[in-house]
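Engineer: No letters, just coordinates:
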């Protein structure tokens, strides 16, 4: 059953009402080998045009993954945006990097800066990223002392072709990325490439030994940290090198570990969130769909 919702731009055109239709459709995507799939779609009401004056097509949503970048969280508000420190660059879904110049001001809250970021990113839809909904629908919020920049796209992957992603870089001049913690950000694209690696011992390890004999060394390499556990003891070490079925250790372990003990690689994670899409429910994705259409409509016509 289709749902028709009325939407308004309460700030600029509070008396103008437009409609958006939400529904489920069963289609056969070309990459599903003939299998029918249920997808959510949203469409603007008849006669609506986008902010560039173009017709608005239906938005089809199949997956919930939305790429993001989160700042380090080590920089505290208030923030000062000055003539010499006000720019950073952003790429969404693998686009060319775009320079973002923030409004100057002293003693700014994180919320004020994040709102400014989002406005500047969204505005690129009408300029250098014309027609790119990943910019128009991008969001920025300041939460738990960190800036969270979410791509205005959803996909089935964080990497490769068709990805949803956000990448940040320093401004070409008057850089502010360091001051805002954007220079050391966590991104969905980078984190998703760090896969959990696990193997098991195939023979007894004796305390103070220099190597582990394991089932597989796939995904393990020198310089990486590992943890080993037999369910009772747990220790940590760093790999000095790998060979067929062998992990060499920089630092020997203090305990004996029987065959079958589990060895896992330790890798970087986003300390503020699990690697998951910011959209986790039908309600979240429905709101995304509504916003995707609403952001395109020219309420002045």
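Structural biologist: Everything's here; your move. Predicted model, so just to flag it, every value in this text is computed and none were measured.
Engineer: what about the strands in the stretch 151-300 of the chain?
Structural biologist: Using DSSP state E, counting those that start in this stretch, the strands of the stretch 151-300 of the chain run over 166-170, 186-187, 198-200, 211-213, 225-229, 234-243, 246-249, 262-266.
Engineer: Which positions in the fourth one come out as buried?
Structural biologist: By neighbour count with 16 or more other C-beta atoms under 10 Å, strand 211-213 contains the buried residues 211, 212. The way it works is simple: take the backbone N, C-alpha and C, and place the C-beta from them, glycine included.
Engineer: so where's this structure shaky on pLDDT?
Structural biologist: Where the chain drops to pLDDT under 70, the residues are 1, 31-38, 195, 269-277, 280-283.
Engineer: Against the centre of it, work out the most remote residue.
Structural biologist: For the chain, the residue at maximal distance from the C-alpha centroid (C-alpha atoms, centre = their mean) is residue 206, at 42.8 Å.
Engineer: For that one, which residues are in contact?
Structural biologist: residue 256 (C-beta atoms under 8 Å, 6 or more residues apart in numbering).
Engineer: I'd like the distance from it to residue 256, if you could.
Structural biologist: 6 Å (C-beta to C-beta, to the nearest Å).
Engineer: How about residue 12: what's its closest non-neighbour residue?
Structural biologist: Nearest residue to residue 12 in three dimensions, chain neighbours excluded: residue 299, at 6.6 Å (C-beta to C-beta, 6 or more residues apart in numbering).
Engineer: correct me, but that neighbour touches residue 10?
Structural biologist: No. In this structure residue 299 lies outside contact range of residue 10 using C-beta atoms under 8 Å: 10.1 Å.
Engineer: Enumerate every residue touching residue 187.
Structural biologist: 67, 68, 69, 70, 165, 166, 167, 168.
Engineer: any idea how far residue 172 is from it?
Structural biologist: 20 Å.
Engineer: for residue 159, same thing?
Structural biologist: From residue 159 to residue 172 the distance is 26 Å (C-beta to C-beta).
Engineer: out of the two, which sits in the busier spot?
Structural biologist: residue 159 (16 against 11; other C-beta atoms under 10 Å).
Engineer: Report the distance from the strand or helix carrying residue 89 to the chain centre.
Structural biologist: Assigned by DSSP states H and E, residue 89 belongs to strand 87-92. Chain-centre distance of strand 87-92: 14 Å, with C-alpha atoms, centre = their mean, to the nearest Å.
Engineer: likewise stretch 78-90?
Structural biologist: Per C-alpha atoms, centre = their mean, the centroid offset for stretch 78-90 relative to its chain is 22 Å.
Engineer: At the geometric centre of the protein, which residue sits there?
Structural biologist: In the chain, the residue lying closest to the centroid (C-alpha atoms, centre = their mean) is residue 68, at 2.1 Å.
Engineer: for this protein, what's the longest strand?
Structural biologist: Longest strand of the chain, by residue count under DSSP state E: strand 13-27.
Engineer: and it, what does it pack onto?
Structural biologist: strand 3-9, strand 37-44, helix 282-294 (3 or more C-beta pairs under 8 Å, 6 or more residues apart in numbering; DSSP states H and E).
Engineer: Any chance of those in TSV with mean neighbour count as columns?
Structural biologist: Shown next, in TSV, are the helices and strands packed on strand 13-27 (neighbours: other C-beta atoms under 10 Å):
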stretch	mean neighbour count
strand 3-9	14
strand 37-44	17
helix 282-294	17
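Engineer: Nearest to residue 91 among the ones you listed would be which one?
Structural biologist: In terms of C-beta to C-beta, the element of the helices and strands packed on strand 13-27 nearest to residue 91 is helix 282-294, at 19.9 Å.
Engineer: Touching that closest one from outside, list them.
Structural biologist: Applying C-beta under 8 Å, 6+ apart, the contact partners of helix 282-294 are 5, 7, 9, 18, 20, 22, 40-44, 56, 59, 61, 64, 66, 133, 136-137, 152, 154, 278-279.
Engineer: For the nearest residue to residue 194 once chain neighbours are set aside, give its distance to residue 198.
Structural biologist: Closest residue to residue 194 apart from its sequence neighbours, by C-beta to C-beta, 6+ apart: residue 267 at 4.4 Å. Distance of residue 267 to residue 198, computed by C-beta to C-beta: 12 Å.
Engineer: circling back to that earlier point, more neighbours, residue 299 and residue 10?
Structural biologist: Set residue 299 next to residue 10 and count neighbours by other C-beta under 10 Å: residue 299 wins out with 17 against 9.
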